[in-house]
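> Below is the sequence, then the predicted model.
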Amino acid sequence: QDLETPTSYIQGLINKLINNVVVVFNNVILKYVEDDIVLSINAKTIELRSVDYNWIPAFIDLTSDDPVLRNLVIVTDLTVCLDKRNASGKIEVYQEPFLYRCSLSCRIVRQFESVYSFLPRITRYDVFCSQLHFSLSDTQLPMFFRLLELLLALYYKQLQYQPTSTNKSKKESFGTDEDASFSEG
């Protein structure tokens, strides 16, 4: 339960700053490696900002009349690649991108019980995309289904963390912890 205690002046100022922060990431590259699967996600920009009820960027101050916080996330030039690597860890043949240069926006609406509530009562995400060009090759299809199975196992909390001691000598790059593995169970 949220405690609805009035906040101090400083806390109110901090909340206004947090609610109106603009975050922009340029040239984002994320890579996920699972056995022989390499999933690469590239985006030119990812931008998060506060907006008003018309979805126009604005300074937001939560009021008791409208305790709703709206954010807009804009992703430009999103490309998702799904490739297969060999036993030595190299990708011999790069496949066509799974999703190529897609731009999308995500509208996030969080409705609070009151201005002093910490957690939202309702959260809604709406994703909009004007064009979506994606393709899967014969090589990518089984990899896609394996990643989908992993995501479902993660969602239903069926993955178990199992530390192993066989991979201790493989710690090579920037604090990557390869001492542990996840298995479905």
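Happy to help now that I have it. Note that the structure is a prediction, hence the values are computed from the model and not measured.
> Put the alpha carbons of the lengthiest helix in the chain into PDB.
Longest helix in the chain, counting residues (DSSP state H): helix 140-155. In PDB, the C-alpha atoms belonging to helix 140-155 read as follows (Å, rounded to 0.1, in the frame of the first residue of the first chain):
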ATOM      1  CA  GLN A 140      17.400 -18.000 -38.700                       C
ATOM      2  CA  LEU A 141      14.100 -19.800 -38.100                       C
ATOM      3  CA  PRO A 142      15.300 -22.500 -35.600                       C
ATOM      4  CA  MET A 143      17.400 -19.800 -33.800                       C
ATOM      5  CA  PHE A 144      14.400 -17.500 -33.600                       C
ATOM      6  CA  PHE A 145      12.300 -20.300 -32.000                       C
ATOM      7  CA  ARG A 146      15.100 -21.100 -29.500                       C
ATOM      8  CA  LEU A 147      15.300 -17.500 -28.500                       C
ATOM      9  CA  LEU A 148      11.500 -17.400 -28.200                       C
ATOM     10  CA  GLU A 149      11.600 -20.500 -25.900                       C
ATOM     11  CA  LEU A 150      14.300 -18.800 -23.800                       C
ATOM     12  CA  LEU A 151      12.200 -15.700 -23.400                       C
ATOM     13  CA  LEU A 152       9.100 -17.700 -22.500                       C
ATOM     14  CA  ALA A 153      11.100 -19.700 -19.900                       C
ATOM     15  CA  LEU A 154      12.400 -16.400 -18.500                       C
ATOM     16  CA  TYR A 155       9.000 -15.000 -18.400                       C
END
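> so for it, what's the average pLDDT?
The average pLDDT within helix 140-155 is 93.
> Would you indicate which residues of that helix are buried?
Gln140, Met143, Phe144, Leu147, Leu150, Ala153 (16 or more other C-beta atoms under 10 Å). The way it works is simple: take the backbone N, C-alpha and C, and place the C-beta from them, glycine included.
> Please apply the same query to stretch 88-96.
Within stretch 88-96, judged by 16+ other C-beta under 10 Å, the buried ones are Gln95.
> what about that stretch, how long is it end to end?
End-to-end span of stretch 88-96 (C-alpha to C-alpha, to the nearest Å): 22 Å.
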